[in-house]
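>>> turn this into a model:
(one chain, ligands or ions: 2)
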Amino acid sequence: MINNNNIWQKCLEELSSTLTEKDMRVWIKPLKVEHDTNEIKLYAPNKFVKEEVEKNFFNKILSTLGGMNADILVTLNIGANFRKREVARDLPVGFKTNLNKEMTFDTFVEGKSNQLAKAACLSVIKEPGILNPLYVYGGVGLGKTHLLHSIGNQLSSENKKVVYLHSEKFVQNMVTALRNNQMEEFKKFYRNLDVLLLDDMQFFAGKERSQEEFFHTFNALFENKKQVVLTCDRYPKEVSGLEDRIKSRLVWGMNVSIDPPDLETRVAILQTKAEMLDMPITTDVAFFIAKNINSNVRELEGNLRRVIATSRFKKCTISLEFTKETLADLLSLNQRMITIEQIQKITASYYKIRVSDILSSKRDKKNTLPRHVAMALCKELTNNSLPTIGDMFGGRDHTTVLHANKKIIKLKKEDPQVAQDINNIIHVLNNG
Ligand code: ADP
Ligand code: MG
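Numbering: from 1, shown residues only. Ligands and ions are numbered 1, 2, ... in the order given. Next up is the predicted model:
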């Protein structure tokens with residue numbers, strides 16, 4: 001016969017055999033329990049935990065207790081005198097900047113594609129709080145994180161309280177704080193910063209509670225003229241699942257895009273990185289690698305490291321031949337990056353119109369559909385930012401590109417012919 005005192009203990013054991021370790025740790029174990037003769041009172045540390053438990057686990061708890069033949073009433077409330085835990089281990093109590101010392105402005109190679117973004121970041125370190133928030137956006141591996149750390153390293157050397165944080169970590173810290181009933185500390189921590197560097201904001205999409213907390217944090221910093229710098233993989237308006245009031249705040253600050261670097265910049269980046277790795281490379285080798293990898297600095301760097309590591313291992317110098325050999329698989333895979341121009345050309349010829357018609361402002365259906373298809377493909381298949389794509393379509397605004405893309409997504413669902421046409425065009429783009 002189970003008595004009330006250990007009934008919850010037994011229930012926990014049962015639950016842990018069906019729930020994941022994480023669910024147990026995050027949601028179930030933080031519940032405090034009080035036993036009465038025929039009642040078990042569960043207390044959640046706060047509203048957030050209570051609601052989550054109610055939604056996801058309460059039935060399970062009831063059926064588990066039911067299965068144990070326990071004829072007992074179970075209630076779930078927020079604990080009024082819920083005791084605080086002494087330490088929140090994963091909450092940033094001590095001061096951690098999370099900065100990577102190697103990512104500085106000195107090691108950031110400037111080119112046309114990132115000039116504006118870099119200039120904006122430099123102006124932030126000169127006069128923090130003026131360009132606020134600064135929002136840097138662009139595709140993967142183009143240097144957004146590098147710029148955030150560069151700002152952080154500089155300002156932290158000037159004794160500013162700086163924190164770099166990936167958005168996912170912000171969310172995690174918040175959940176931990178909620179769970180441990182330490183939201184006050186959480187808020188205080190972020191609101192006392194001089195500079196908040198928040199990376200990859202797209203991770204906030206759909207996370208309402210985190211967005212709300214971020215919004216308050218952001219406003220508090222903003223009102224005190226403290227600097228916030230954010231990065232994201234796309235333009236604010238494009239992040240679906242992001243609240244409108246946040247979007248408008250972001251649009252209202254300073255937005256700069258980073259685009260894929262051009263050939264000369266890629267060469268310069270390779271040479272800089274090679275020197276940093278103590279293994280300078282010749283210009284022809286740099287050009288060869290840069291020509292074959294033309295979208296993403298991270299890949300550029302990865303392949304350079306591969307060439308250098310292989311040369312060290314085989315103890316041979318890095319000649320052009322050696323580089324070609326080492327990267328042979330990459331070249332046979334033929335990472336043909338699709339460009340905006342190719343998309344315009346192939347789309348025009350598919351619809352039997354001229355590229356100049358695609359770029360023109362002709363508004364008849366014969367020209368608008370191909371134009372929208374081409375814009376949507378540029379958005380989906382290249383790593384270019386919306387403003388760049390807009391520019392390349394006869395100086396159109398980035399919102400036009402967004403609009404075209406939305407339209408095509410809708411049309412693809414409604415009209416099988418359009419979907420088929422697009423697939424055909426993509427096929428030609430991929431197979432030449
Ligand atoms: P993102 O955050 O945009 O995905 P990262 O900042 O992580 O990209 O950059 C990927 C890698 O490329 C990093 O190692 C970074 O140092 C390097 N990198 C990107 N852009 C540059 C640049 N302009 N000069 C030097 N290194 C760069
Ligand atoms: Mg990044």
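>>> every contact and neighbour count from this point should use C-alpha atoms.
Noted.
>>> which residues are in contact with L148?
Listed by Cα atoms under 8 Å, 6 or more residues apart in numbering, the contact partners of L148 are Y164, L197, D199, V229.
>>> go with 6 Å
By Cα atoms under 6 Å, 6 or more residues apart in numbering, the contact set of L148 is empty.
>>> burial count for E213?
Residues near E213, counting by other Cα atoms under 10 Å, number 17.
>>> same deal with H398?
The burial count for H398: 18, using other Cα under 10 Å.
>>> one more: I408?
Neighbour tally, I408, other Cα under 10 Å: 23.
>>> ditto for S167
22.
>>> so who does it touch?
Taking Cα under 6 Å, 6+ apart, one finds L198, D199, D200, M201, F203 in contact with S167.
>>> and the stretch 101-250 of the chain, which residues reach ligand 1?
T107, F108, V109, E110, V140, G141, L142, G143, K144, T145, H146 (Cα under 6 Å from any ligand atom).
>>> ok, of those residues, which come out buried?
F108, V109, E110, V140, G141, L142, G143, K144, T145, H146 (16 or more other Cα atoms under 10 Å).
>>> quick one: which of the residues you listed sit in helices?
Among those, the residues falling in helices (DSSP state H) are K144, T145, H146.
>>> redo the residues you listed as a markdown table? Include pLDDT.
Below are those laid out as a markdown table (pLDDT from 0 to 100):
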| residue | pLDDT |
| --- | --- |
| K144 | 97 |
| T145 | 97 |
| H146 | 97 |
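>>> is it fair to say F218 lies in a strand?
No: assessed with DSSP: H, G, I helix; E, B strand; the rest coil, F218 is helix; it does not lie in a strand.
>>> chain neighbours aside, what residue packs nearest to it?
Leaving aside its chain neighbours, F218 sits nearest to V228 (7.3 Å; criterion: Cα to Cα, 6 or more residues apart in numbering).
>>> any idea what that neighbour is bridged to?
Counting by DSSP bridges, V228 forms beta bridges with L196.
>>> that one: how many residues sit nearby?
27.
>>> the residue of the stretch 301-432 of the chain found nearest ligand 1 sits in which helix or strand?
Nearest to ligand 1, among the residues of the stretch 301-432 of the chain, is E301, at 6.5 Å (Cα to the nearest ligand atom). Assigned by DSSP states H and E, E301 falls within helix 297-314.
>>> quick one: the strands in the stretch 151-300 of the chain, in order.
162-166, 195-199, 227-232, 254-257 (DSSP state E, counting those that start in this stretch).
>>> now distance to T317 and mean pLDDT too, for these, in CSV please.
Shown next, in CSV, are the strands of the stretch 151-300 of the chain (distance: least, Cα to Cα, whole Å; pLDDT from 0 to 100):
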stretch, distance to T317, mean pLDDT
strand 162-166, 39, 95
strand 195-199, 38, 96
strand 227-232, 39, 96
strand 254-257, 38, 93
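>>> returning to what we had before: how far does the helix holding E301 sit from its chain's centre?
Chain-centre distance of helix 297-314: 26 Å, with Cα atoms, centre = their mean, to the nearest Å.
>>> residues making contact with it?
G141, L142.
>>> just to revisit the earlier point, export the strands of the stretch 151-300 of the chain as a markdown table, with columns for distance to H372.
Shown next, in a markdown table, are those (distance: least, Cα to Cα, whole Å):
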| stretch | distance to H372 |
| --- | --- |
| strand 162-166 | 35 |
| strand 195-199 | 31 |
| strand 227-232 | 25 |
| strand 254-257 | 22 |
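>>> so which of these comes closest to D36?
Within the strands of the stretch 151-300 of the chain, the stretch nearest D36 is strand 162-166; the backing value is 44.8 Å (Cα to Cα).
>>> and the helices in the stretch 1-150 of the chain?
4-18, 21-23, 47-56, 58-67, 115-126, 144-157 (DSSP state H, counting those that start in this stretch).
>>> what ranges in the stretch 51-200 of the chain fall below the confidence cut-off?
69-70, 80-95 (pLDDT under 70).
>>> the residue nearest to F218 is in contact with L198, isn't it?
No: counting by Cα atoms under 6 Å, V228 stays clear of L198, with 7.6 Å between them.
>>> picking that back up, check the helices of the stretch 1-150 of the chain for me and report the most buried one.
helix 144-157 (a mean of 22; mean count of other Cα atoms under 10 Å).
>>> relative orientation of that one and strand 162-166 in degrees?
160 degrees (axes from the mean of the first three to the mean of the last three Cα atoms, to 10 degrees).
>>> how far off centre is helix 144-157?
17 Å.
>>> between it and helix 115-126, how big is the angle?
Here helix 144-157 runs at an angle of 20 degrees relative to helix 115-126 (the same axes, to 10 degrees).
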